[in-house]
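mind looking at a prediction? Sequence and model below.
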Amino acid sequence: MPKSRSTHPAHPSNWGYSLGLGLLWLISRLPPELVLRLGEALGPISYALARQRRLIIRRNLELCFPELNAAEREALVRANLRYTGRGFAELALAWFGGPRVDRIPLHIRGLEHLEQAQADGSPVLLLSGHFTPIEMAGRLLSREIDMAAIYKPMDRRPLADATMRRGRARIGPVLSKDDLRGIVRTLRDGLPVWYAGDQNYRSRQNVFAPFFGIPAATVTGLSRLARMGKARVVPVFYHALPGHAGYEVVFGPALEGYPSGDDQADAERMNQIIEEAVREHPEQYFWAHRRFKSQPDPEVDMYPGVKDHRRARRSQRKRSHGPL
C-alpha cells in the first residue's frame, strides 16, 4: 500500500502542486476572456514540448478518423491542444473565479427533455463525456439546474482530491464513483447526477464495446446505476462557442428501454451516443487520454512510441521469470 500523504499545502510533498494551485488562483483573478486567451496560447507550446501527449492525441485521431488525411489530422491535433490548454484556463475560472465567471453566456437547448424525464418524479442520470470545457460547463449549468456529479477519487494525491472536490462543490454534491449507496440515495432524493463513463478505467465491471469502431474498455456503471436507482438516462453534452461567445449545453431525449438488462448492449449504446457527440465537436474532446489502452488481447499495444510504465513493468516481470 502506498504511504498516505499530507493534505496540507505547505507539506514538502505538496509544494509543486500548491505552486500550481496558486498560479491557477492568480490567473482566475484576471478578466475571463483574457484567461481563456492565455489558455489557448498554451496550445502551440504544448505541441512543441508535450511530445507524449501530442503522440497520444495524434494516435487517437488516426484510429478514430481514418478518413482524414495526415494534414487534416495534424490540424485537428493543433486545434485540440488549443482547447486542452483552454481547458486548464477554464478549470481555473470554474474552481476559483468570482462573479464575473457567472456572467459568461450559457445557451441551453433541449432542457424540456430533462423536464419531461422528471415530470413523473423519476430519478435522472445525466449521461455525458469528457470534453475539454467540462469544468466550465458544470459550473455554468449549475446556475440553471440543481445536480450532483460523480468523480474518480485520486487516492494517491489527497491534496489534489480535496481541491477537486472543493472546486466542483460549486456545482453541487460531489460523489465518489465507488459510493454506490450515496449515488442511489442522491438519485432517489430527486437530484440529477452527472455521469461520464468514457475513460479507460480499470474495473471488474468492464466490457469491451466499440467506440469509433474500435474495442474500448467500457465501465458498465451507467446501466448498473440506472437499474439500482430506477433512473432515466438523459444525454447532455456541451461545447465552447466560437469567438468567446460563451458555451452551449444540449440535452437529448431520455433513453427508451434503458437499461435493457444486457450490460454489453447498454455499453455499446452509451459509447455510440458519446461518439455522435464527439463527431459534432471533435476538436473539443479529451483526446489526450489513452482511451484504447486496454484491449481484449493485453499484448496489443495501441500506442506505439508512447511511454507505458505499467506495460514496461509487466514485460520486465516476464523477462525476470523467463528461462535463464
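Nice, thanks for sending it over. Numbers count the residues shown, from 1 in each chain.

residues touching the nearest residue to Asp161 once chain neighbours are set aside, list them.
Excluding the flanking residues, the one nearest Asp161 by CB to CB, 6 or more residues apart in numbering is Met154, at 4.2 Å. In this view, the C-beta of every residue, glycine as well, is placed from N, C-alpha and C. Going by CB atoms under 8 Å, 6 or more residues apart in numbering, Met154 touches Ala160, Asp161, Met164.

closest to Glu256 out of the residues you listed?
Nearest to Glu256 among these: Met164, at 34.2 Å, using CB to CB.

how about the helices in the chain?
15-28, 32-49, 51-64, 70-96, 111-118, 134-141, 158-168, 180-188, 221-229, 263-280, 309-320 (DSSP state H).

returning to what we had before: what subset of the contacts of Met154 is buried?
Using 16 or more other CB atoms under 10 Å as the burial test, the contacts of Met154 include Ala160, Asp161, Met164 as buried.

below-threshold pLDDT in the stretch 51-200 of the chain: ranges please.
For the stretch 51-200 of the chain, no stretch has pLDDT under 70.

now do stretch 294-308: distance from first to last residue.
With CA to CA, to the nearest Å applied, stretch 294-308 spans 12 Å between its terminal residues.

show residues contacting it.
Contacts of stretch 294-308 (CB under 8 Å, 6+ apart): 52, 55-56, 59, 63, 200, 202, 206, 208, 215, 217, 290, 292-293, 311.

where exactly do the strands run in the stretch 101-250 of the chain?
Using DSSP state E, counting those that start in this stretch, the strands assigned to the stretch 101-250 of the chain run over residues 106-109, 124-128, 148-151, 174-176, 193-196, 206-211, 214-219, 232-240, 247-251.

Arg166 and Arg139, how far apart?
Distance of Arg166 to Arg139, given as CB to CB, to the nearest Å: 13 Å.

compare neighbour counts for those two and give me the winner.
Arg139 (24 against 12; other CB atoms under 10 Å).

pretty sure Arg157 contacts Gly20?
No - look at Arg157 against Gly20 with CB atoms under 8 Å: they stay out of range, at 11.9 Å.

picking up where we left off before, ok, the contacts of Met154 vs Ile134, which is closest?
Met164 (11.8 Å).

for that closest one, which non-adjacent residue is spatially closest?
That would be Tyr151: by CB to CB, 6+ apart, it lies 6.7 Å from Met164.

list the contacts of the one you found.
Met164, Arg165, Arg168, Val174, Leu175, Ser176, Lys177.

what subset of these is buried?
By 16+ other CB under 10 Å, these give Met164, Arg165, Arg168, Val174, Leu175, Lys177 as buried.

show me what contacts the second one?
Arg165 is in contact with Tyr151, Val174, counting by CB under 8 Å, 6+ apart.

how close does it sit to Ile56?
From Arg165 to Ile56 the distance is 27 Å (CB to CB).

what do you get for the third one?
Applying CB to CB, the value for Arg168 to Ile56 is 25 Å.

likewise the last one?
In this structure, Lys177 and Ile56 are separated by 23 Å, where distance is defined by CB to CB.

what's the local residue count around the spatially closest residue to Asp266 that is not a sequence neighbour?
Take Asp266 and drop its neighbours on the chain: the residue closest to it by CB to CB, 6+ apart is Ser223, 3.8 Å away. Using other CB under 10 Å as the criterion, Ser223 is surrounded by 25 other residues.

got a list of what Ser223 touches?
Taking CB under 8 Å, 6+ apart, one finds Tyr258, Pro259, Ser260, Asp263, Asp266, Ala267, Met270 in contact with Ser223.

give the contact list for the residue nearest to the fourth one when sequence neighbours are not counted.
Closest residue to Asp263 in three dimensions, ignoring its sequence neighbours and counting by CB to CB, 6+ apart: Thr220, at 4.3 Å. Each residue near Thr220 by CB under 8 Å, 6+ apart is listed here: Gln205, Asn206, Val207, Asp263, Asp266, Ala267.

do that again at 10 Å, thanks
Thr220 makes contacts with 197, 203-207, 209, 259, 263-264, 266-267, 270, as judged by CB atoms under 10 Å, 6 or more residues apart in numbering.

drop anything exposed from these.
Gly197, Asn206, Val207, Ala209, Pro259, Asp263, Asp266, Ala267, Met270.

as a markdown table, the residues you listed with distance to Arg232 would be great.
Below are these laid out as a markdown table (distance: CB to CB, whole Å):
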| residue | distance to Arg232 |
| --- | --- |
| Gly197 | 16 |
| Asn206 | 24 |
| Val207 | 22 |
| Ala209 | 21 |
| Pro259 | 10 |
| Asp263 | 18 |
| Asp266 | 14 |
| Ala267 | 18 |
| Met270 | 14 |
